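Enquirer: Test case, fold it:
(chains A, B, C and D)
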Number of protein chains: 4
Amino acid sequence: MCRWLAYMGEPLRASTIVLDAKHSIVAQSLDSPLGAETVNGDGFGFGWYPSDATPTTEPAVFHSIEPAWNNQNLREITRAVESPLFFTHVRAASGPPIQQTNCHPFRYENWMFMHNGAIASWPELRRDLTVAIDPSLYPQVLGTTDSEVLFHLALTLGLRDDPIKAIGQAIRTVETVGHAHNVQFPWQGTVAVSDGATMWAFRYSTSGRTRSLFHSTDVPTLREMYPTVERLATFSDNAKVVVSEPLNDLPGVFVEVPESTAVTLDGDGYRHQPFLAA
Amino acid sequence: MCRWLAYMGEPLRASTIVLDAKHSIVAQSLDSPLGAETVNGDGFGFGWYPSDATPTTEPAVFHSIEPAWNNQNLREITRAVESPLFFTHVRAASGPPIQQTNCHPFRYENWMFMHNGAIASWPELRRDLTVAIDPSLYPQVLGTTDSEVLFHLALTLGLRDDPIKAIGQAIRTVETVGHAHNVQFPWQGTVAVSDGATMWAFRYSTSGRTRSLFHSTDVPTLREMYPTVERLATFSDNAKVVVSEPLNDLPGVFVEVPESTAVTLDGDGYRHQPFLAA
Amino acid sequence: MCRWLAYMGEPLRASTIVLDAKHSIVAQSLDSPLGAETVNGDGFGFGWYPSDATPTTEPAVFHSIEPAWNNQNLREITRAVESPLFFTHVRAASGPPIQQTNCHPFRYENWMFMHNGAIASWPELRRDLTVAIDPSLYPQVLGTTDSEVLFHLALTLGLRDDPIKAIGQAIRTVETVGHAHNVQFPWQGTVAVSDGATMWAFRYSTSGRTRSLFHSTDVPTLREMYPTVERLATFSDNAKVVVSEPLNDLPGVFVEVPESTAVTLDGDGYRHQPFLAA
Amino acid sequence: MCRWLAYMGEPLRASTIVLDAKHSIVAQSLDSPLGAETVNGDGFGFGWYPSDATPTTEPAVFHSIEPAWNNQNLREITRAVESPLFFTHVRAASGPPIQQTNCHPFRYENWMFMHNGAIASWPELRRDLTVAIDPSLYPQVLGTTDSEVLFHLALTLGLRDDPIKAIGQAIRTVETVGHAHNVQFPWQGTVAVSDGATMWAFRYSTSGRTRSLFHSTDVPTLREMYPTVERLATFSDNAKVVVSEPLNDLPGVFVEVPESTAVTLDGDGYRHQPFLAA
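Expert: As a prediction, the model looks like this:
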């Protein structure tokens, strides 16, 4: 349904992994071997926090309805931007409308969110789930995607206080509403969310068969594994990538995130915990 | 807030009035002397019924987020299309998002709708008014405009059975919700709607000071008034244009539609009637 | 490098083959099994002659830089247009710029042209070939593609008088200029061109290994072959389709055009002749 | 024909003058009191050097075919970027094509260029002037504007060694070619060009009646003139703006650049010199 990539670590020129890896996210837009669709050409987004972000700094977000693979502006911007925390998303829509307000990442104040997956029977469930958004947040909903509604549901349910709990409750809301509409497997997806200091990633679906999700092995270990790979010098010791599928074919560089798992990334590294497990 | 044009009569090459008049709707996109804004460059739309339309034929709709004045596709399409009933709309948005789903005309089955004006305090009223749309129609709402919501409210309130009554009730709903939110003058606007056989146009605002609206004088009278104007030969005797402002500077060719008026256009000509008068 | 489709026959609703076939040209934009690239998502074009075209009628051309597969305007327009002769093209660019002036079909007066393939080492050859265009035609060149230059070279070399000869000489010019730049195989491609009354299609490459090209079997024969295929009732007896790859999987419906062949289609049916054969 | 703005000084958040001034360049896109056209809605561009640019650093360039006034991406990017030297341009095209390759600024290696004005009878002169570009630079010409050709002519004529001389010779070439085609006043315009360290601005036209051009008064003087204007604290002492028309209505803040003048801006401040004077 889409592919996404999130980076966290020392400020990195974004093009390093957005454009220049073998299976970069831009390469995945044209051909993603592990994707539900091989083509993710229905727009894209790139959001980034600046190097001098404070706890209230809003990330910048660039959206386009064009395919990523030949988009010149994406090349310009990711070559110019160095950022300690950025998200990139390439979209495969199930149908129109193809519009910037349907492009990820979504933003609210200092928070950024993106999603790969789907709410089943979305046109049928859309109204009930949209109405469940706090009325004060409702004016921020500008597109038609299930993803944007999930984000605002999570904001409604306390994302800013406890992201793992709020994303969990938002998904449970989707499941409750879906089951009320006789939808068997309402939720499917991987999610990334950040407040600019910490990043959380989630892999969960009602059916237990979620789109792929990987995170990078820690860089010092990689340097030991691959002492001759010069490209590793580009990355800081604390660089971490979470991505829909591996950016290269080197064994061991990317590790699959298990089903029903929430991942927390911050200065202390990765921490996995069960998420909505049965 | 926008400018629009509607044509009804014998099939006419649309470019005749969309492109080729002195103050054509495309000219008005760049410079509309009577508009609330002089520039209407935030996208446009062109919708048309075919010459062989049956009572259930859906009109075709072409939307673009680019300004009309230099849009090559609009030129191509309006030069190619001959239609007995078409709508054109150029948008001046109060702000983003600029997206095709915010471009008029809107369509539902064989119905087409467009609007120039605004619901005051729209971000605040949007949720209450959107929730008032029939849940079965809700999935058709794809943009963020007040106009699209008004159309779906009117559909909810019986547009297909009694358009004048339904548009009136939809506007009254806007006023009721607006007043509940302490908005003094909730509705402002001119509206055109058609089922493919008849066209209705409306001019009304809560404050009694509505955007301009004109209709053309009947063509045989114009031929008597201007016997040497060759361009009039282009139009059939029953050709009628309703438009936000006159397409030319010839006195008497366009007549202002009064405030609080509904206009019905069909094979029998124009008929005015009071609409939501105090 | 691209995929294209050309139709000629009684006026046909364009969506019938642009949208609604199993391997319609829109389906090929997302997944073309026989294409050099499987994805043709770098814009598209649709050009059509009206049913009442005279020998000097210009075709209308709609271009977009978005992928065809989710483009709502393409759906609207091809469902509305009935045409006796239309071209559709989906582009796979070797790189930016993605812009409407690089979208096929190209038009000059009543002539329309499209191409799948490439001039090798195009950035190097572009200047010499562009300068070879007649100065009076030069202002019409608005994009950066090899295809547009080939079309204007053919116009320079007499396309309007003898299309097969002029396309042949234009390709020979490409080969001569290419060889002077030490390019071994300068030309590769299939071409369609029409004046509104007759259509010509070409398959040729310097190396003798050209992109695929097919034409439909004549409809009365197809009706005998597939008496139960109701869809065939949609087509007139003289309907002909030339297309980069078959629109369906029915054996015998599409026949490959041989290498080094020019095809002429008019009221008398298909005629093949050798084209630039060694 | 267009409006542009160039900034040089300590790194400045670009939105400060691109978005947030009374007559910011984005405000000028919708309404430019001194412009040849009041609306400059045919696309825009923003190009910037990074704070840590070396003499060979390429600037980044963001282009869009949409009007600047409601473009969300321009807001995002100019709020995120701090730069010691940036160009912004809003386009008023004399006609299609509206495409990114026709948006300023243009770039070649570490050089950036933009232009407001026109070459008269451009369709007629385009071929001769394009052919005068060095063949090694020809592949870089991707659009259809007179501006892009003037830039590449200047590169051909030694821009990188002596910008004032090369721009002058390029304009003289335009005049020579124009006069050979019986065009009385071939060149009209203001130009900005930079290598990342120095900026040059030019005002000249064959007729001696050039589009408006202004530069800012030096900031310490402004602080004395307007001790209570808090906004001035935003700017460094060496901040300099060159712009098509003043960004505010404060007397003395912007000074008109005379006709037939070249301006050099660097660490030593402004220097004017006669340019192509009769």
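Enquirer: buried set for stretch A:201-211?
Expert: Applying a neighbour-count criterion of 16 or more other Cβ atoms under 10 Å in any protein chain shown, one finds A:A201, A:F202, A:R203, A:Y204, A:S205, A:T206, A:T210, A:R211 buried in stretch A:201-211. Heads up, the C-betas are built off the backbone N, CA and C, glycines and all.
Enquirer: could I get that stretch in CSV with only the CA atoms?
Expert: Extracted in CSV, the C-alpha atoms of stretch A:201-211 (Å, rounded to 0.1, in the frame of the first residue of the first chain):
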residue,chain,number,x,y,z
ALA,A,201,7.4,2.4,15.1
PHE,A,202,4.6,-0.1,15.1
ARG,A,203,3.8,-3.3,13.3
TYR,A,204,0.4,-4.8,13.8
SER,A,205,-2.6,-6.0,11.9
THR,A,206,-5.9,-7.5,13.1
SER,A,207,-5.2,-10.6,11.0
GLY,A,208,-1.6,-11.0,12.2
ARG,A,209,-0.2,-10.6,8.7
THR,A,210,1.2,-7.2,8.5
ARG,A,211,3.2,-5.4,5.8
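Enquirer: pLDDT on it, on average?
Expert: Stretch A:201-211 carries an average pLDDT of 95.
Enquirer: ok, now stretch A:220-238?
Expert: Averaging pLDDT along stretch A:220-238 yields 92.
Enquirer: May I have it exported as PDB, CA atoms only?
Expert: Extracted C-alpha coordinates of stretch A:220-238, given in PDB (Å, rounded to 0.1, in the frame of the first residue of the first chain):
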ATOM      1  CA  PRO A 220      29.400  -0.300  15.300                       C
ATOM      2  CA  THR A 221      28.300  -3.900  14.800                       C
ATOM      3  CA  LEU A 222      27.900  -3.300  11.100                       C
ATOM      4  CA  ARG A 223      31.400  -1.800  10.900                       C
ATOM      5  CA  GLU A 224      32.700  -5.100  12.400                       C
ATOM      6  CA  MET A 225      30.600  -7.200  10.000                       C
ATOM      7  CA  TYR A 226      31.600  -5.200   6.900                       C
ATOM      8  CA  PRO A 227      35.000  -3.600   7.500                       C
ATOM      9  CA  THR A 228      35.500  -2.800   3.800                       C
ATOM     10  CA  VAL A 229      32.200  -1.200   3.100                       C
ATOM     11  CA  GLU A 230      33.200   2.500   2.900                       C
ATOM     12  CA  ARG A 231      29.600   3.700   2.800                       C
ATOM     13  CA  LEU A 232      29.300   2.900   6.600                       C
ATOM     14  CA  ALA A 233      31.700   5.700   7.300                       C
ATOM     15  CA  THR A 234      28.800   8.100   6.300                       C
ATOM     16  CA  PHE A 235      26.800   7.000   9.300                       C
ATOM     17  CA  SER A 236      27.200   8.000  13.000                       C
ATOM     18  CA  ASP A 237      27.400   5.300  15.600                       C
ATOM     19  CA  ASN A 238      23.900   6.000  16.800                       C
END
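Enquirer: Show me the contact partners of it.
Expert: Applying Cβ atoms under 8 Å, 6 or more residues apart in numbering or on different chains, the contact partners of stretch A:220-238 are A:9-10, A:12, A:16, A:216-219, A:250, A:252-253, A:267, A:269.
Enquirer: chain center to that stretch, what's the gap?
Expert: With Cα atoms, centre = their mean, to the nearest Å as the basis, stretch A:220-238 stands 24 Å off its chain's centre.
Enquirer: Next, give me the two most distant ones among the contacts of stretch A:220-238.
Expert: A:L250 and A:G267 (25.8 Å; Cβ to Cβ).
Enquirer: quick one, strands of chain A?
Expert: A:2-13, A:44-49, A:60-64, A:82-91, A:106-108, A:111-119, A:187-194, A:199-205, A:214-216, A:240-243, A:254-256, A:261-266, A:269-274 (DSSP state E).
Enquirer: possible to save those strands as CSV with distance to chain B?
Expert: Rendered in CSV, the data for the strands of chain A read as follows (distance: least, Cβ to the nearest Cβ, whole Å):
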stretch, distance to chain B
strand A:2-13, 19
strand A:44-49, 14
strand A:60-64, 10
strand A:82-91, 14
strand A:106-108, 13
strand A:111-119, 13
strand A:187-194, 19
strand A:199-205, 23
strand A:214-216, 33
strand A:240-243, 28
strand A:254-256, 36
strand A:261-266, 31
strand A:269-274, 35
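Enquirer: Quick check: which of the ones you listed is nearest to C:I164?
Expert: strand A:60-64 (42.6 Å).
Enquirer: quick check, that closest one touching chain C?
Expert: No - using Cβ under 8 Å from any Cβ of the partner chain, strand A:60-64 stays clear of chain C, coming no nearer than 10.6 Å.
Enquirer: what's next to that strand, contact-wise?
Expert: In contact with strand A:60-64 (Cβ under 8 Å, 6+ apart) are residues A:43-48, A:50, A:71, A:73-74, A:77, A:100-101, A:103, A:105, A:107, A:112, D:72-73, D:76-77, D:79-80.
Enquirer: List every C-alpha atom in that strand, with coordinates, as PDB.
Expert: C-alpha atoms of strand A:60-64 as PDB (Å, rounded to 0.1, in the frame of the first residue of the first chain):
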ATOM      1  CA  ALA A  60       9.000  20.900   7.800                       C
ATOM      2  CA  VAL A  61       7.100  18.800   5.400                       C
ATOM      3  CA  PHE A  62       7.400  18.600   1.600                       C
ATOM      4  CA  HIS A  63       4.600  16.800  -0.300                       C
ATOM      5  CA  SER A  64       4.100  16.100  -4.000                       C
END
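Enquirer: Tell me the strands beside that strand, with direction?
Expert: Strand A:60-64 pairs in its sheet with strand A:44-49 (antiparallel), by DSSP bridges.
Enquirer: So if I had to pick from A:L250 and A:G267, which one is more boxed in?
Expert: A:L250 (16 against 8; other Cβ atoms under 10 Å in any protein chain shown).
Enquirer: ok, that one - contacts?
Expert: Taking Cβ under 8 Å, 6+ apart, we find A:L250 in contact with A:Y226, A:V229.
Enquirer: switch the cut-off to 7 Å
Expert: When contacts are counted by Cβ atoms under 7 Å, 6 or more residues apart in numbering or on different chains, A:L250 is found next to A:Y226.
Enquirer: burial of A:G269, as a residue count?
Expert: Residues near A:G269, counting by other Cβ under 10 Å: 10.
Enquirer: should've said A:Q72
Expert: As a burial measure, A:Q72 scores 17 neighbours (other Cβ under 10 Å).
Enquirer: gap between it and A:P274?
Expert: Going from A:Q72 to A:P274 by Cβ to Cβ, to the nearest Å gives 43 Å.
Enquirer: now A:L150
Expert: Going from A:L150 to A:P274 by Cβ to Cβ gives 20 Å.
Enquirer: Neighbour count for these two, which is higher?
Expert: A:L150 (25 against 12).
Enquirer: Nearest residue to the more buried one in space, please, no chain neighbours.
Expert: Leaving aside its sequence neighbours, A:L150 sits nearest to A:A170 (Cβ to Cβ, 6 or more residues apart in numbering or on different chains; 5.5 Å).
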